[in-house]
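Peer 1: Fold the following.
(one chain, ligands or ions: 1)
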Amino acid sequence: MKPILVTGFEPYGGMTSNPAFQAMQTLDGSNIGGRPIVGRVLPVSMAKIHDAIGAVLREIDPAAVISLGLAPGEPVIRIERVGLNLADFSLTDNEGSWLQDKPVSGNGPAARWATVPVRGIYDALLADGIPARLSVTAGTYLCNACLYSFLEALDGRIPMGFIHVPMTPELVCEEIRAGRDKTDERNPPPSMELSRIIAAVRIVINHTVFTALV
Ligand code: PCA
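Peer 2: Here you go, the predicted model:
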């Protein structure tokens, strides 16, 4: 039985953790819907992400791919519908690169649709009491580049999707203490407990396995 690949990003932007990485790490080695879960970390680096994705696909040969990333300021689980062929950063990546108005892929189309059942995943999360929303952009930073590059590499052969997760309460505290939080005290940054984020990712995988895989 081919595994489900779950990717999570390393910390970035001065943060010491990334809940996307933590969720991936927790699920690595588990079993969801009868499928083994294999977790891998991805670099927050435009120079490295393309080759990292190629290497992990060759290594794992998955039945489906669910990629996870952190979206600071996001209050709910965010299901990305589309990857854009655009890299336009508002902060440097972990290698110090700052890209503006650049394509993710030299000769690809402007956008690629996620190939997981996004509407079904959304309904399944809400039915289980997990706040979620469908999103029309994964941004123009590394998470979007990850989604676009996976979709390009897979070319529709297997289901692939991207889930943005909120900060954990612990990460919000870290951001406030570091003075990086820009919101005022009556509107503190939103967060979601890691256990709930992990429960959400389990639902995403389970729904994908039972509706998109034979
Ligand atoms: N979030 C960033 C990149 C890595 C991550 O976890 C993003 O949304 O692009």
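Peer 1: Tell me where the chain has strands.
Peer 2: 4-9, 31-32, 35-42, 64-70, 77-80, 82-84, 111-113, 132-135, 160-165 (DSSP state E).
Peer 1: Give me the longest helix you can find in this protein.
Peer 2: Among the segments of the chain that qualify as a helix by DSSP state H, the longest is helix 194-212.
Peer 1: So which residues make contact with that one?
Peer 2: By Cβ atoms under 8 Å, 6 or more residues apart in numbering, the residues outside helix 194-212 that reach it are 4, 6, 19, 22-23, 26-27, 32-35, 37, 64, 66, 68, 77, 79, 115-117, 120-121, 124-125, 128, 130, 132, 159, 161, 163, 165-166, 168. For glycine as for every other residue, the C-beta is placed from the backbone atoms N, C-alpha and C.
Peer 1: Put the buried members of the residues you listed into a ChimeraX selection.
Peer 2: Applying 16 or more other Cβ atoms under 10 Å to the contacts of helix 194-212 leaves a buried subset, and the ChimeraX line that selects it is:
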select :4,6,19,22,23,26,27,32,35,37,64,66,68,77,79,115,116,117,120,121,124,125,130,132,159,161,163,165,166,168
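Peer 1: hang on, the earlier thing: tell me which residues of the longest helix of the chain are tucked away?
Peer 2: 194, 196-209, 212.
Peer 1: So which of those sits lowest on pLDDT?
Peer 2: The weakest per-residue confidence within the buried residues of helix 194-212 falls on Ala212 (92).
Peer 1: where's that residue relative to the ligand, distance?
Peer 2: For Ala212, the distance to the ligand (Cβ to the nearest ligand atom, to the nearest Å) stands at 24 Å.
Peer 1: repeat for Pro103
Peer 2: According to Cβ to the nearest ligand atom, Pro103 stands 16 Å off from the ligand.
Peer 1: Is there a neighbour count for that residue? I'd like the number.
Peer 2: 15 (other Cβ atoms under 10 Å).
Peer 1: Over to the one 4 residues further on?
Peer 2: For Asn107, the tally of surrounding residues (other Cβ under 10 Å) stands at 6.
Peer 1: any idea how far the ligand is from it?
Peer 2: According to Cβ to the nearest ligand atom, Asn107 and the ligand sit 23 Å apart.
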